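Engineer: Compute the structure for the input listed below.
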Amino acid sequence: MAQSSPMNGGDGIYSYTKNSSLQREGLNAATDVMKEALIQNLDIKTLLCNSSNRITIADMGCSVGPNTFLAVQTLIEILQHKYQSQNPEDSKRLEFQVLFNDIVSNDFNTLFASLPNHRNYFAAGVPGSFYGRLFPSCSVHVVFSSSSLHWLSRAPDELQMRDSAAWNGGRIHYTGAPEEVVKAYEDQYEEDMGVNNTTQYN
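Structural biologist: The predicted model follows:
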């Protein structure tokens, strides 16, 4: 697997923590879509075992916060509302386990040092690429990824071969590039999504 680079860790002026307002705006804009998808498609009654009241959420590509905490809290509130609307007579209190995932070199120290003090979930870190298997079968109920699925697992091979029609001259983007470059990126994305969906969630 190719070398990957994490977001800037810590809490300094150039850190992701201090420079992720655009990502937060995207998350805020998607809240209604998340709510609609979960309310329409998730049957919590069927999801939970007879004796279990635990729901596990995984945030794939969590970085170092604070946006991941906002996303997780939003998901929990939606799930609590959904459960109460499906089970108005049930006094069972849901418990939430949140698995924060990012690449191994992510600054998990900053992430866990900034966890909300009064959170209503149990937290754990799961380092590793989401292009490989990270969880046991049937162990995660809700998987969330805010702005990380645009990262490819690797640069397409064709871009690095000088004799290829898709050779990209050492650039790391495809803006203004020939159609072969765009196609190489598209093919890599489709391959990655196929691997991601078949290895992670079955």
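Engineer: Most distant residue from the centre of this protein?
Structural biologist: Computed with Cα atoms, centre = their mean, the residue of the chain farthest from its C-alpha average is Asp163, at 36.2 Å.
Engineer: Count the residues that sit near Cys62.
Structural biologist: 27 (other Cβ atoms under 10 Å). Any C-beta I mention is one placed from the backbone N, CA and C, and that applies to glycine too.
Engineer: Next, the contact list for it, please.
Structural biologist: If you count contacts by Cβ atoms under 8 Å, 6 or more residues apart in numbering, Cys62 has them with Thr68, Phe100, Asn101, Asp102, Asn106, Leu111.
Engineer: and of the residues you listed, the nearest to Val140?
Structural biologist: Asn101 (10.0 Å; Cβ to Cβ).
Engineer: Find the nearest non-adjacent residue to the closest one, please.
Structural biologist: Counting by Cβ to Cβ, 6 or more residues apart in numbering, Asn101 lies nearest to Val126, which is 4.5 Å off, once chain neighbours are set aside.
Engineer: other SSEs contacting the host helix or strand of that neighbour?
Structural biologist: Taking DSSP states H and E as the definition, Val126 sits inside strand 122-127. If contacts are counted by 3 or more Cβ pairs under 8 Å, 6 or more residues apart in numbering; DSSP states H and E, strand 122-127 sits against strand 95-102, helix 108-113.
Engineer: Return the most buried member of the ones you listed.
Structural biologist: strand 95-102 (a mean of 22; mean count of other Cβ atoms under 10 Å).
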